[in-house]
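1. Turn this into a structure:
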Amino acid sequence: MTTNLAVLGAQWGDEGKGKIVDLLTPHFSIVARYQGGHNAGHTVYVNGTKFILRLIPSGILHDSVTCVIGNGVVIDPQALFGEIDELTKNGIDVGNRILISDKAHLILPYHRDLDLLSEARRGERKIGTTSRGIGPAYEDKIARRGIRVGDIENPKGLAQNIRDNVTARNRLVQDNTMDWKPVLEQLLTYAERMRPMMRDVSVLLNDAIRAGKPILFEGAQGTLLDIDHGTYPYVTSSNASVGGVCTGLGIPPRAIGRVLGVVKAYTTRVGEGPLPTELSGEMGNRLRESGNEYGAVTGRPRRCGWYDAVAVRYGVRINGLDGLALTKLDVLDGLDRIDICTSYACDGRTLTEFPSDTGQLAACQPIYETMPGWAAPTAGARTFDQLPAAARKYIARLEELSGVRATIVSTGSERDDTVIREDVLRIADFGLRR
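-> Residues are numbered from 1 along each chain as shown. Coordinates of the predicted model:
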């Protein structure tokens, strides 16, 4: 029997969640996204074709699956329909398979202006946001002045709210003035396409759970970017950890079932904030180029470093992970030696737990142990035995340090470049057989 499964990032995002969700999707009836916005960039390769999914769940590439966007997501209508149109152009029949929560908040043009203004005012203390209006939309939500998808059914109230919000924007952005009427007109145009997709997602998902339909819950970003549990203030504006599943979709905790954390075989981060294992020079560039570590949404180069077991252990604890999906193992092919950060040195102490204080984390120095690399390629391996002995030992050590087994190992960008291990976590419960 297939159980419901949450798939989320256990590092600083960009772990390869898109591929893992796409790989698992055929064994689920619904894929539901629970937080974030179009600042996410989930990349999936199918038969050599590259798809970048920002708002739409990564299960959309499978034509029998319903994709749900929950109330915890902030939606830019322009981005949503641009993505739908791009999928259609590439032969993906979206049809009526995308449903959105009537409680999800909308990103409107003034949010993007406020995002740029906020980042500019921070100066050297900038966060490194994608400047797509995500943060200001969540700010409006918390301040109880946000506009939700369901508000399109009340044009009079919608007009007043947009007028008030644009007026507030104009007080802050003084170098140019925005007219609220075109914002309203554009949104009402989008509303015609959006209305058939609107649902009470909580009712929809709870009905599906009672009917025994398996659901995959898809997260965006990563645990260390979580607004509460990440490296604050260098975080995203939503709960990227497992708690966001319940609040972002309106389901009870017991409905989650299992939790799979996606981690890279090394560490990356986009934007500002501490990264204890960050590498500069030749090795950092080597990981970046071999791993194509550039943002799927922004194109920004990612900061790269060795695997940080302290950070991953934190992700295991916060999310109660049942297993790991280890991605980009093939990027390490050909290295003579590979370092693993097992603890931190800070103020004369050795830390084995991830610090709560970002300033303390920034002062930490990684304590490494070194393992031999492997010359034979892992790229394209489909079974665990096909991996070089040194690669298998590396995986075993990562499992030992995290306390969780690697149930899936990705060895390339295509769906089939994947090792699925049947011997852990009753993997048959996920409906997978190799």
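2. got a list of contacts for stretch 287-300?
-> 14, 38-43, 52, 54, 130, 132, 264, 266, 268, 270-271, 279, 301-302, 304-305, 328, 331 (C-beta atoms under 8 Å, 6 or more residues apart in numbering). In this view, the C-beta of every residue, glycine as well, is placed from N, C-alpha and C.
3. Now do the same contact list for L99.
-> Applying C-beta under 8 Å, 6+ apart to L99 gives the contacts 66-69, 197-199, 201, 204.
4. Also A391?
-> Counting by C-beta under 8 Å, 6+ apart, A391 has contacts 329, 332, 374, 378.
5. Name the nearest of these relative to L249.
-> Using C-beta to C-beta, L329 is the member of the contacts of A391 that lies nearest L249, at 31.4 Å.
6. quick one, what contacts the closest residue to that closest one other than its chain neighbours?
-> Using C-beta to C-beta, 6 or more residues apart in numbering and skipping the chain neighbours, the partner closest in space to L329 is A265 (4.6 Å). Neighbouring residues of A265 by C-beta under 8 Å, 6+ apart: 307, 326-329, 331-332, 394, 398.
7. would you turn those into JSON lines with secondary structure, neighbour count and distance to G244?
-> As requested, these are exported to JSON lines (DSSP: H, G, I helix; E, B strand; the rest coil; neighbours: other C-beta atoms under 10 Å; distance: C-beta to C-beta, whole Å):
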{"residue": "Y307", "secondary structure": "strand", "neighbour count": "26", "distance to G244": "25"}
{"residue": "L326", "secondary structure": "strand", "neighbour count": "27", "distance to G244": "23"}
{"residue": "T327", "secondary structure": "strand", "neighbour count": "26", "distance to G244": "21"}
{"residue": "K328", "secondary structure": "coil", "neighbour count": "26", "distance to G244": "24"}
{"residue": "L329", "secondary structure": "helix", "neighbour count": "26", "distance to G244": "28"}
{"residue": "V331", "secondary structure": "helix", "neighbour count": "24", "distance to G244": "28"}
{"residue": "L332", "secondary structure": "helix", "neighbour count": "23", "distance to G244": "31"}
{"residue": "Y394", "secondary structure": "helix", "neighbour count": "24", "distance to G244": "31"}
{"residue": "L398", "secondary structure": "helix", "neighbour count": "22", "distance to G244": "25"}
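8. list the buried ones in the longest strand anywhere in the chain?
-> Counting by DSSP state E, the longest strand found in the chain is strand 337-346. Neighbour-count burial for strand 337-346 flags 338-344, 346 (criterion: 16 or more other C-beta atoms under 10 Å).
9. those helices in the chain, which residues are they?
-> Along the chain, the stretches classed as helices by DSSP state H are 17-24, 77-89, 109-122, 134-142, 155-172, 180-194, 201-210, 243-249, 281-290, 309-319, 358-363, 389-402.
10. So for T352, which of the ones you listed sits nearest?
-> helix 309-319 (6.6 Å).
11. Please state the mean pLDDT value computed over that closest one.
-> The pLDDT scores in helix 309-319 average 98.
12. Check stretch 386-401 too.
-> 97.
13. Can I get that stretch in CSV? Just the C-alpha atoms.
-> What follows is stretch 386-401, C-alpha atoms only, in CSV (Å, rounded to 0.1, in the frame of the first residue of the first chain):
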residue,chain,number,x,y,z
GLN,A,386,27.3,-0.5,-10.2
LEU,A,387,28.7,2.3,-8.1
PRO,A,388,32.5,2.3,-7.4
ALA,A,389,33.4,0.9,-4.0
ALA,A,390,34.7,4.2,-2.8
ALA,A,391,31.4,5.9,-3.7
ARG,A,392,29.5,3.3,-1.8
LYS,A,393,31.7,3.9,1.2
TYR,A,394,31.1,7.6,0.9
ILE,A,395,27.3,7.1,0.9
ALA,A,396,27.6,4.8,3.9
ARG,A,397,29.5,7.4,5.8
LEU,A,398,26.9,10.1,5.0
GLU,A,399,24.2,7.7,6.2
GLU,A,400,26.2,7.1,9.4
LEU,A,401,26.6,10.8,10.1
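14. Distance from the chain centre to it, please.
-> Centre-to-centre, stretch 386-401 and its host chain are 25 Å apart (C-alpha atoms, centre = their mean, to the nearest Å).
15. before we move on, what about stretch 375-390?
-> For stretch 375-390, the distance to the chain centre is 27 Å (C-alpha atoms, centre = their mean).
16. could the contacts of A265 be laid out in CSV, adding distance to R169?
-> Listed next are the contacts of A265 as CSV, based on distance: C-beta to C-beta, whole Å:
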residue, distance to R169
Y307, 43
L326, 44
T327, 40
K328, 41
L329, 46
V331, 43
L332, 47
Y394, 51
L398, 47
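17. Name the nearest of the residues you listed relative to R317.
-> L398 (15.8 Å).
18. my read: the closest one touches W306, true?
-> No: contact criterion C-beta atoms under 8 Å: L398 and W306 do not qualify, at 11.4 Å.
19. Quick check: neighbours shared by those two?
-> I340.
20. Local confidence estimate at the closest residue to L335 other than its chain neighbours?
-> With C-beta to C-beta, 6+ apart as the criterion, L335 has its nearest non-adjacent residue at 3.8 Å, and that residue is G373. G373 carries a pLDDT value of 97.
21. Over to R433?
-> Listed pLDDT for R433 reads 40.
22. How about G128?
-> At G128, the model reports a pLDDT of 60.
23. Show me this protein divided up by domain.
-> Domain assignment for the chain, taken from automatic domain parsing, gives 5-101+198-258, 105-194, 263-430.
24. By mean pLDDT, show me the worst of these.
-> domain 105-194 (a mean of 89).
25. and that one, how far from the chain's centre?
-> Distance of domain 105-194 from the chain centroid (C-alpha atoms, centre = their mean) equals 23 Å.
26. now do stretch 372-384
-> 26 Å.
27. got it, and stretch 352-363?
-> 23 Å.
28. Likewise for stretch 231-241?
-> Relative to the centre of its chain, stretch 231-241 is centred 11 Å away, using C-alpha atoms, centre = their mean.
29. How far does it stretch from one end to the other?
-> Terminal residues of stretch 231-241 lie 13 Å apart, using C-alpha to C-alpha, to the nearest Å.
30. Please identify the buried residues of it?
-> 231, 234-241.
31. can you name the farthest residue from the center of the protein?
-> With distances taken as C-alpha atoms, centre = their mean, the residue sitting farthest from the centre of the chain turns out to be K156, at 35.7 Å.
32. for stretch 190-209, which positions count as buried?
-> Neighbour-count burial for stretch 190-209 [16+ other C-beta under 10 Å]: 190-191, 194, 197-201, 204-206, 208-209.
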